[in-house]
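Asks: Sequence and predicted structure are below.
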Amino acid sequence: MNVTVVGAGVAGLTVATELVERGCKVEVIDRAEGFGRGACSWYAGGMLAPWCEGDTAEEPVVRLGQEAIGWWRERVPEVLENGSLVVAPSRDAGELARFARRTQAHQTIDAAGLAVLEPDLEGRFRQALFFDREAHLDPRKAITALTARLASSGVTITYGKTLEDHKINGSVVVDTRGFAARDVLRDLRGVKGEMLVLKARGVEFSRPIRLLHPRLPVYLVPRGDGHFMVGATQIEAEDRGRITARGMVDLLNAAYAVHPAFAEAEIIETGADVRPAFPDNLPRLRWHGRTLHVNGLFRHGFLLAPACARMAAEAIDSPGYKPELMDEDHRERSIA
């Protein structure tokens, strides 16, 4: 079967990978003029942390997200399975207790245990939650590796093209355009996220650190060579513009609260984009004619993309199959 995937972000690339592995002939097109920066996933944290997400996310996110670590490990290098840490200042100890009640698969460690896991956090926090089964990756390296893997499998990825100006070769189209698909998916909304990349001397972490705060929980993800991704704000807005002053201040303050060395860190990069989300913040698969929309991954792109891609491939491969995330009111379609 010939399939055209629209969108070369994490959703599109994972769908293309699943389809190729099932024997489909796949092409990918993307409206961006070049690799990477046109995708919301370029600015992602890359945390494969399904149990941590249980604090605020629905049960399917936790359950389906557990597929992600193995999926990425089998297909891209440098999936770091060092777990995740959740910390809170003493004044916010209640937030840590609340987080522990709402999540699973963690252990509570004291200051001494925290110092063993992350020596540079010695004396910084009295307690922490350690989620030892979680992992993280560098999203940009993962996207690069997956793109190369697809190219080596004969997949053509064409940039600077849209459905309107590209001759579709596939009998099925998979639309993974994210918020750009709002023209068809009217119930899709945008949630702006802002991030920083810092380069700090004198501090090193082996795993993501989540700092709890009643207003703005923040995470720091180590990227190697003293680089850290700090994210992310969550603003109900559809503005794809640059990071705001408030967003930058909040993220920098949070980084400093984790370790004072971040006060002297260089700001290497700032970024902002719009996450696509449905009203309940769960992803959807939805047929419109011969086009299958895979969208609404919200803040869980790298975590939920493998499960969504599997379901999309199964829906295409088996026309009678209705995946868990398929809308109840999905339209009948025909695959020639």
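Replies: Yep, that arrived. In this text, all values refer to a predicted model and were calculated from it rather than measured experimentally.

Asks: Tell me where the stretch 1-150 of the chain is predicted with low confidence.
Replies: Under the criterion pLDDT under 70, the flagged ranges of the stretch 1-150 of the chain are 37-38.

Asks: what about the helices in it?
Replies: Residue ranges of the helices in the stretch 1-150 of the chain, as given by DSSP state H, counting those that start in this stretch, are 10-21, 50-53, 59-65, 68-75, 93-102, 111-117, 139-152.

Asks: Pick the most deeply packed of the ones you listed.
Replies: Here the criterion is mean neighbour count by mean count of other C-beta atoms under 10 Å, and of the helices of the stretch 1-150 of the chain the winner is helix 10-21, at a mean of 26. All C-beta atoms are positioned from the backbone trio N, CA, C, and that covers glycine.

Asks: So which elements touch that one?
Replies: The helices and strands touching helix 10-21, judged by 3 or more C-beta pairs under 8 Å, 6 or more residues apart in numbering; DSSP states H and E, are strand 2-6, strand 25-30, helix 139-152, strand 172-175, strand 291-295, helix 301-317.

Asks: Validate this expectation: residue 186 resides in a helix.
Replies: No: for residue 186, which was evaluated using DSSP: H, G, I helix; E, B strand; the rest coil, the result is coil, with no helix membership.

Asks: and the residue nearest to residue 300 when sequence neighbours are not counted, what is it in contact with?
Replies: Distances taken as C-beta to C-beta, 6 or more residues apart in numbering place residue 61 nearest to residue 300, at 5.8 Å, with adjacent residues excluded. Shown here is residue 61, whose contacts under the criterion C-beta atoms under 8 Å, 6 or more residues apart in numbering are 50, 53-54, 282, 300, 303-304.

Asks: again, but for residue 133
Replies: Taking C-beta under 8 Å, 6+ apart, we find residue 133 in contact with 51, 69, 83, 105.

Asks: Against residue 71, how distant is it?
Replies: As defined by C-beta to C-beta, to the nearest Å, residue 133 lies at a distance of 15 Å from residue 71.

Asks: Run through the residues that contact the residue minimising distance to the centre of the chain.
Replies: Nearest residue to the geometric centre of the chain (C-alpha atoms, centre = their mean): residue 301, 3.0 Å. Counting by C-beta under 8 Å, 6+ apart, residue 301 makes contact with 9-11, 40-41, 44, 275.

Asks: Any chance of these in TSV with distance to residue 312 as columns?
Replies: Formatted as TSV, the entries for the contacts of residue 301 read as follows, by distance: C-beta to C-beta, whole Å:
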residue	distance to residue 312
9	14
10	13
11	9
40	18
41	16
44	20
275	19
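
Asks: quick check, nearest of these to residue 176?
Replies: For the contacts of residue 301, the residue nearest residue 176 by C-beta to C-beta is residue 11; the value is 4.0 Å.

Asks: I'd guessed that closest one sits against residue 176; true?
Replies: Yes: applying C-beta atoms under 8 Å as the test, residue 11 and residue 176 come out as touching, 4.0 Å apart.

Asks: shared neighbours, these two?
Replies: Each of 294-295 lies in contact with both residue 11 and residue 176 under the rule C-beta under 8 Å, 6+ apart.

Asks: Touching, residue 120 and residue 205? I think so.
Replies: Yes: A contact is recorded between residue 120 and residue 205 when judged using C-beta under 8 Å, the distance being 6.8 Å.
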